[in-house]
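Chemist: structure for the following, please:
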Amino acid sequence: MANDHLPPFLQALLQPDRYEHPAPDIKLVQTHISSVILAGDYVYKFKKPVNFGFLDFSDLEKRQACCEQEVLLNRRLCPDIYLGLVAVTAEPDGGFALNGTGPVVEYGVRMRRMPEDRMMIQLIRAGQLHDNHIDALVTVLADFYRRAENGPEIARFGTADAVAVNVLENFDQTRSFIGQGALEQAQFEDIAGFSRSFLDNEQLFQQRIEGGFIRDCHGDLYSANICLAEQVYIYDCIEFNQRFRYCDVASDVAFLVMDLEFHGLDHLAGRFVDRFVQATDDPGLMGMLNFYKCYRAYVRGKIGLFTAADPAVDPPVRSASVEQAARYFQLAQRYAAF
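Modeler: The predicted structure is shown next:
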């Protein structure tokens with residue numbers, strides 16, 4: 001892929017001599033909100049200057065603050081992976097450096113690189129995700145949610161009205177994409193109708209609040225953000241908006257359950273739910289699961305649309321993003337029919 005459309009600092013960081021450590025086979029990975037450079041044993045993640053309303057990285061100060069939050073929050077589950085903030089500086093010779101002496105032009109997050117062949121999505125693709133992996137995930141997550149912060153300020157994000165803000169904005173943000181190859185009008189109406197109907201069950205949401213199940217969660221819990229190596233690494237939590245991270249534990253785990261079902265691993269999804277409910281003594285989670293799976297599937301579809309609309313992504317990624325978005329919307333519609 002040609003790099004002439006990239007910001008100059010990113011073009012510079014694709015050169016191995018910009019690093020103080022060996023950086024063979026540098027690779028750039030683009031998402032709708034980040035540019036991620038894989039360089040040797042390390043990863044450098046930079047936020048794009050975008051503003052989607054629910055996410056605002058539009059100026060350097062905001063990106064710096066979010067990078068700092070990203071390190072702090074992800075150290076809850078990956079203390080050894082998140083090494084800290086990194087600054088990109090403009091040097092007198094006209095080039096760019098990491099933590100140089102010139103003025104800062106960008107901030108990023110520096111991480112240890114995890115083994116790619118042990119990423120959960122790679123294990124899924126290779127048919128190597130097994131019961132023991134699911135059980136290990138349950139152990140780590142049950143402990144994480146037990147320790148996760150809660151209280152009145154967080155609990156208020158669990159009301160039906162607060163959840164509705166997150167759920168319903170997805171429909172506003174995707175309406176203009178209807179009929180363009182991934183999302184059809186009938187799907188949109190089915191999913192939106194189901195979601196609005198479920199949100200009328202205010203007492204159900206209140207019961208979850210009273211049970212103490214609204215926590216400072218991960219917010220983006222699915223296979224792309226999990227590595228199953230010598231230990232379980234769950235990384236890349238939501239740092240940019242509290243209302244996506246302050247949520248019902250059921251919403252968090254529903255993302256992982258949906259993801260397993262998206263990949264056709266219904267038996268592992270069932271095992272995860274059974275073991276998790278047992279480990280956390282939370283049978284009430286079952287009554288929320290389908291609603292939140294629908295929500296999470298729709299969000300993934302939306303992100304696929306956003307990625308495809310990003311001019312920085314190349315045509316194969318754009319095509320794959322649209323195709324995957326369509327599959328997520330189909331899954332969301334399936335949940336809406338339950």
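
Chemist: my guess is residue 286 contacts residue 277. True?
Modeler: Yes: look at residue 286 against residue 277 with Cβ atoms under 8 Å: they come within range, at 6.8 Å. For glycine as for every other residue, the C-beta is placed from the backbone atoms N, C-alpha and C.

Chemist: tell me where the stretch 51-200 of the chain has helices.
Modeler: Remark: helices assigned in the stretch 51-200 of the chain by DSSP state H, counting those that start in this stretch are 60-74, 120-125, 131-147, 152-155, 160-174, 185-199.

Chemist: pull the helix or strand with minimum mean pLDDT from this structure.
Modeler: In the chain, no helix or strand scores lower on mean pLDDT, DSSP states H and E than strand 27-30, which sits at a mean of 92.

Chemist: touching the helix or strand following it from outside, list them.
Modeler: Where DSSP states H and E defines the elements, the next helix or strand beyond strand 27-30 is strand 34-39. The contact list for strand 34-39 (Cβ atoms under 8 Å, 6 or more residues apart in numbering) reads 6, 10, 13-14, 16, 19, 21, 23, 26-30, 43-48, 113.

Chemist: tell me how far the helix or strand following strand 34-39 lies from the chain's centre.
Modeler: Next helix or strand after strand 34-39 toward the C-terminus (DSSP H and E): strand 42-47. Put simply, strand 42-47 sits 15 Å off its chain's centre (Cα atoms, centre = their mean, to the nearest Å).

Chemist: neighbouring strands - and their directions - for strand 42-47?
Modeler: Strands adjacent to strand 42-47 in the sheet, as given by DSSP bridges, are strand 34-39 (antiparallel), strand 104-112 (antiparallel).

Chemist: ok, and what's touching the least confident helix or strand of the chain?
Modeler: Against strand 27-30 from outside (Cβ under 8 Å, 6+ apart): 1, 3, 6, 10, 14, 35-38, 310, 312-313, 317.

Chemist: try it again with 6 Å
Modeler: 36-38, 312-313 (Cβ atoms under 6 Å, 6 or more residues apart in numbering).

Chemist: list the buried residues of it.
Modeler: 28, 30 (16 or more other Cβ atoms under 10 Å).

Chemist: stretch 313-333 too?
Modeler: For stretch 313-333, by 16+ other Cβ under 10 Å, it's 313, 317-318, 321-322, 324-326, 328-333.

Chemist: thinking again about what came up before, for the contacts of strand 27-30, which one is nearest residue 142?
Modeler: Nearest to residue 142 out of the contacts of strand 27-30 is residue 36 (Cβ to Cβ; 29.5 Å).

Chemist: okay, the closest one and residue 14: tell me how far apart.
Modeler: From residue 36 over to residue 14 the distance is 12 Å, taken as Cβ to Cβ, to the nearest Å.

Chemist: burial measure for the closest residue to residue 330 other than its chain neighbours, as a count.
Modeler: Closest residue to residue 330 apart from its sequence neighbours, by Cβ to Cβ, 6 or more residues apart in numbering: residue 187 at 7.4 Å. Using other Cβ atoms under 10 Å, residue 187 has 19 neighbouring residues.

Chemist: cheers, nothing more for now.
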